[in-house]
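J.: This is the structure alone, sequence omitted:
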């Protein structure tokens, strides 16, 4: 029983927490573990998504857990897992592009074949060059998509039109967001309150 509780606690500590700058703008996503450490040190405060009230560490651990809320239990205290924290001093916004990497491409295309729409694990998907490399196609955001084994074999060194395939959407360079390196399933519903007018679009991640 204790071993199972330790595993659960470890999993919760690695869950994602949205980080806002001092102006309440999303700038980063961190782990619950790091978020709690920042709040404990006084460099951040926890936001209650329901009320938008902010709490320091002492006040937060005294808050009663709402029904269904995820909590971390220790021998002396029960802590509600924070979903959003507010930095006390940092007030800038990141200004950089999402780097083109294999992992980021999987995130952009949401582990989905861009020809047939099949979702699969990374081992069953490959990176396809829309304009084949043998014909001068580049390795970049605008020319690479995920393809399942079947579609990749069918396309081979052909263009999509030649292979009788059609892209579900044109590949684009995604803009940077705080949700970089997160799959859609890892994002919290409460985060939408802090991204006004934003719903996840196909070229955001």
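T.: In hand now; what should we look at? Keep in mind that what you see is a predicted model, and the values were worked out from it rather than measured.

J.: hey, let's count contacts and neighbours off CA atoms from now on
T.: OK.

J.: Give me the contacts around the host helix or strand of residue 45.
T.: Element membership for residue 45, per DSSP states H and E: strand 44-47. By CA atoms under 8 Å, 6 or more residues apart in numbering, the residues outside strand 44-47 that reach it are 35, 38-39, 53-57, 60, 82-88.

J.: Show me these that map onto helices.
T.: If you go by DSSP state H, the contacts of strand 44-47 have 35, 38, 39, 57, 60 in helices.

J.: Which member of the residues you listed is positioned nearest residue 149?
T.: Nearest to residue 149 among those is residue 35, at 39.9 Å by CA to CA.

J.: tell me the pLDDT at that closest one?
T.: For residue 35, the pLDDT comes out at 96.

J.: Tell me which residue is most central in this protein.
T.: For the chain, the residue sitting closest to the mean C-alpha position, by CA atoms, centre = their mean, is residue 182 at 2.0 Å.

J.: sec struct for the closest residue to residue 84 other than its chain neighbours, please.
T.: The shortest distance from residue 84 to any non-neighbouring residue, by CA to CA, 6 or more residues apart in numbering, is to residue 18 (4.6 Å). Under DSSP: H, G, I helix; E, B strand; the rest coil, residue 18 falls in the strand class.

J.: Run through the bridge partners of residue 18.
T.: residue 29, residue 84 (DSSP bridges).

J.: Show me the domain layout of the chain.
T.: The record assigns the chain these domain ranges, following automatic domain parsing: 2-94+178-194, 102-163.

J.: Could you export those as TSV, including distance to residue 169?
T.: Shown next, in TSV, are the domains of the chain (distance: least, CA to CA, whole Å):
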stretch	distance to residue 169
domain 2-94+178-194	18
domain 102-163	7
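
J.: quick one, which of those is packed in tightest?
T.: Mean neighbours per residue, mean count of other CA atoms under 10 Å, is largest over the domains of the chain for domain 102-163, with a mean of 18.
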